[in-house]
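Enquirer: Output the structure for:
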Amino acid sequence: MKSGVLALVLFCALPNLGITQTTDPATRELIDKLLARIDSLEKRVVQLEQSNPSARAAAPMVPAAAAAPVPEPAAAVAAHSHDQAPVPSAAADAESNYPLLKLAGFGDFNFSASNLHGANSGFGPQTLVAPHSGFQEGQFALHFSSALSQKVSVFGELTLTARTDAGTGSPTATGFNAEVERFIVRYDVSDYAKVSFGRYHTPINYWNTAFHHGQWLQTTISRPEMTQFGSSFIPVHFIGTLLEGQVPAGHLNLNYNFGVGNGRGQVISRGGDPGDINNHRAWLTNVFVKPDRLYGFQLGGSVYRDEINTLAGLKAREWIQSAHVVWNKERPEFIAEFANVQHTPIPGGTVSNSQAFYIQGAYRLPADLRAWKPYVRFEQIHVPRSDAIFRGVVPVFSAVTGGFRYDITTFAAFKFEYRNYWRRDLPPFHGLFGQTSFTF
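Expert: Okay, here's the model as predicted:
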């Protein structure tokens with residue numbers, strides 16, 4: 001192709017050089033030399049293409065008839081790389097190339113029906129547990145990731161959630177709540193140390209940092225209640241600074257997070273966005289290993305410390321210890337977590353310990369059934385009656401969930417599940433739930 005263009009250029013240039021159709025020996029000699037040069041360039045192009053196959057033209061597209069009849073499920077690595085900022089190669093690294101912005105979107109629509117009567121006993125709206133059945137518009141989430149340089153990046157997450165009081169009040173309530181879920185600026189000193197500032201999903205357990213807003217990212221319809229958005233058991237959001245990194249440690253791949261921030265707000269289900277409510281900063285430490293020999297395996301634990309001042313005037317020192325074990329595979333997927341929350345009243349009183357755990361297993365079916373992924377989860381939250389902080393705001397229950405996910409395309413899925421709940425001092429209930437979730 002390049003030689004053809006060169007020949008065309010030379011052909012057009014010949015008249016301007018004063019070369020006409022003539023049998024003049026000098027002119028003929030010049031033409032022969034130019035043709036020989038073209039032959040030499042053509043041979044050089046062929047040699048370069050043979051030595052560098054990537055420089056060849058792209059392979060032709062596969063005909064539509066040859067496509068697989070069953071859509072491929074989204075790879076696990078794709079589900080966890082959605083918040084990575086795009087970074088150009090070192091050769092292209094220049095100030096003029098920044099900022100580089102990547103945008104991802106998520107959405108879901110839901111259906112629920114249960115035999116629950118009366119109040120939902122503290123379950124958040126995103127659990128879909130409600131006394132009325134029907135359809136529900138889920139969250140619309142946008143992820144913004146931008147590279148400012150090869151070592152500096154910014155990430156933001158914005159959600160829109162339907163309001164139950166839309167159209168009421170004065171001024172009239174809007175139809176949706178807009179929320180900045182995460183907003184982080186990070187400087188990557190090296191793989192061993194990365195420092196950031198902003199609003200995070202607290203790295204206090206596995207689920208809270210592996211599956212963010214966007215229900216398509218996770219296998220199930222909803223998160224475990226202990227780590228549910230809007231719930232109070234663990235502080236889902238954290239505002240402050242975080243130091244993180246990874247150390248090879250003999251192929252164990254030791255990862256760590258250490259953070260200092262505002263901790264919980266006066267409404268304990270929210271972080272301290274406008275500022276710290278007291279002069280006692282929250283801090284956390286999270287460590288986990290991901291051994292090379294056990295690809296997909298993760299084992300770790302966290303410690304969190306804070307001092308709580310609630311709207312009701314209750315004060316307590318809070319310790320949270322958590323642990324997790326994960327086998328992050330499609331065949332199989334296994335996630336188990338446990339957390340203990342200890343509250344010590346200020347200035348004194350009965351020390352209480354509340355526990356929660358869940359165990360979830362799933363398996364992507366093989367061959368022509370690979371679009372199907374059945375799953376099951378058992379979870380439990382126990383709050384002693386002596387815990388004045390959690391009493392009345394955290395549901396006390398055991399539940400079993402069973403269902404399946406069907407990937408209709410690589411970027412959209414149907415989910416259907418059945419749940420059965422047993423509550424303390426209240427009658428049990430069960431329900432059916434459905435969801436379509438997608439990313440774009």
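
Enquirer: Phi, psi for Trp216 please.
Expert: Reported as degrees, to the nearest 10, the phi and psi values for Trp216 are phi -60, psi -30.

Enquirer: ok, it - how many residues close by?
Expert: Look at Trp216: counted by other C-beta atoms under 10 Å, it has 24 neighbours. Using the backbone N, CA and C atoms, a C-beta is placed for each residue, glycine as well.

Enquirer: thought it was touching Phe414?
Expert: No. In terms of C-beta atoms under 8 Å, Trp216 does not count as a neighbour of Phe414; the distance is 11.0 Å.

Enquirer: For Gly118, list the residues it contacts.
Expert: For Gly118, the contacting residues are Pro131, by C-beta atoms under 8 Å, 6 or more residues apart in numbering.

Enquirer: Helix, strand or coil: sort out it for me.
Expert: Three-state assignment for Gly118 (DSSP: H, G, I helix; E, B strand; the rest coil): coil.

Enquirer: Next up, phi/psi of it, please.
Expert: phi 90, psi -160.

Enquirer: in the stretch 251-400 of the chain, which spans are helices?
Expert: Assigned helices in the stretch 251-400 of the chain: none (criterion: DSSP state H, counting those that start in this stretch).

Enquirer: now the stretch 51-200 of the chain
Expert: Counting by DSSP H, counting those that start in this stretch, the stretch 51-200 of the chain has helices at residues 76-79.

Enquirer: Low-confidence ranges, it, go.
Expert: Confidence mapping of the stretch 51-200 of the chain against pLDDT under 70 gives the ranges 51-82, 87-96.

Enquirer: one more time with 50, if that's ok
Expert: Across the stretch 51-200 of the chain, the ranges flagged by pLDDT under 50 are 53-78.

Enquirer: Just the strands from it, written as ranges.
Expert: 100-114, 134-147, 152-162, 176-188, 194-201 (DSSP state E, counting those that start in this stretch).

Enquirer: Turn the ones you listed into TSV, including mean neighbour count.
Expert: What follows is these, written out as TSV (neighbours: other C-beta atoms under 10 Å):
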stretch	mean neighbour count
strand 100-114	17
strand 134-147	18
strand 152-162	19
strand 176-188	16
strand 194-201	20
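
Enquirer: As JSON lines, those strands with distance to Asn309 would be great.
Expert: What follows is the strands of the stretch 51-200 of the chain, written out as JSON lines (distance: least, C-beta to C-beta, whole Å):
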{"stretch": "strand 100-114", "distance to Asn309": "34"}
{"stretch": "strand 134-147", "distance to Asn309": "29"}
{"stretch": "strand 152-162", "distance to Asn309": "27"}
{"stretch": "strand 176-188", "distance to Asn309": "23"}
{"stretch": "strand 194-201", "distance to Asn309": "20"}
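
Enquirer: Which of those sits closest to Gly263?
Expert: Closest of those to Gly263 is strand 194-201, at 12.1 Å (criterion: C-beta to C-beta).

Enquirer: Hey, what's the angle from the closest one to strand 152-162? Just curious.
Expert: 0 degrees (axes from the mean of the first three to the mean of the last three C-alpha atoms, to 10 degrees).

Enquirer: what residues does the next helix-or-strand element following strand 194-201 touch?
Expert: Past strand 194-201, heading to the C-terminal end, the next element that is a helix or strand (DSSP states H and E) is helix 206-210. Where contact means C-beta under 8 Å, 6+ apart, the residues beyond helix 206-210 that reach it are 80, 201-203, 218, 223-224, 227, 234, 236, 288, 298, 300, 324, 326, 335, 337.

Enquirer: Can I get whatever helix or strand comes next after helix 206-210 in CSV, CA atoms only?
Expert: Remark: after helix 206-210, the chain's next helix or strand is strand 237-247, criterion DSSP H and E. Taking only C-alpha atoms (Å, rounded to 0.1, in the frame of the first residue of the first chain), the coordinates of strand 237-247 have been written out as CSV:
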residue,chain,number,x,y,z
HIS,A,237,-18.2,5.2,54.1
PHE,A,238,-15.0,6.7,55.4
ILE,A,239,-13.8,10.3,54.8
GLY,A,240,-10.1,10.9,55.3
THR,A,241,-6.7,9.7,54.0
LEU,A,242,-5.6,6.2,53.1
LEU,A,243,-2.1,4.6,52.7
GLU,A,244,-2.2,1.3,50.7
GLY,A,245,0.2,-1.0,48.9
GLN,A,246,1.3,-4.5,48.1
VAL,A,247,4.5,-6.3,49.1
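
Enquirer: Whichever of the contacts of helix 206-210 end up buried, select them in PyMOL.
Expert: Under the burial definition 16 or more other C-beta atoms under 10 Å, those of the contacts of helix 206-210 that qualify are selected in PyMOL by:
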select buried, resi 201+202+203+218+223+224+227+234+236+288+298+300+324+326+335+337
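
Enquirer: burial measure for Ala312, as a count.
Expert: Neighbourhood size, Ala312 [other C-beta under 10 Å]: 10.

Enquirer: go on, Arg423?
Expert: For Arg423, using other C-beta under 10 Å, the count is 17.

Enquirer: So it versus His430, what's the distance?
Expert: The gap separating Arg423 from His430 is 12 Å, by C-beta to C-beta, to the nearest Å.

Enquirer: try Ile381
Expert: Looking at Ile381 against His430, where the rule is C-beta to C-beta, the gap reads 18 Å.

Enquirer: Over to Ser232?
Expert: Here the criterion is C-beta to C-beta. By it, Ser232 lies 24 Å from His430.

Enquirer: Check Glu307 too.
Expert: Here the criterion is C-beta to C-beta. By it, Glu307 lies 39 Å from His430.

Enquirer: Show me which of those two is the more surrounded one.
Expert: With neighbours defined as other C-beta under 10 Å, Glu307 and His430 compare such that Glu307 has more, 19 against 14.

Enquirer: Wait, the more buried one touches Trp319, no?
Expert: No. Distance between Glu307 and Trp319: 10.6 Å, which falls outside the contact criterion (C-beta under 8 Å).

Enquirer: Kindly report the domain assignment for the chain.
Expert: Residue ranges for the domains of the chain, per automatic domain parsing: 2-55, 76-439.

Enquirer: so which of these is the most packed in?
Expert: For those, ranked by mean neighbour count under the definition mean count of other C-beta atoms under 10 Å, the leader is domain 76-439 at a mean of 17.

Enquirer: How far away from the center of its chain is that domain?
Expert: On the basis of C-alpha atoms, centre = their mean, to the nearest Å, domain 76-439 sits 9 Å off its chain's mean C-alpha point.

Enquirer: what sits against Gly348?
Expert: Gly348 makes contact with no residue, according to C-beta under 8 Å, 6+ apart.

Enquirer: on contacts alone, who are the packing partners of the strand or helix carrying Gly431?
Expert: For Gly431, the enclosing helix or strand under DSSP H and E is strand 426-439. Counting contacts by 3 or more C-beta pairs under 8 Å, 6 or more residues apart in numbering; DSSP states H and E, strand 426-439 is packed against strand 100-114, strand 412-423.
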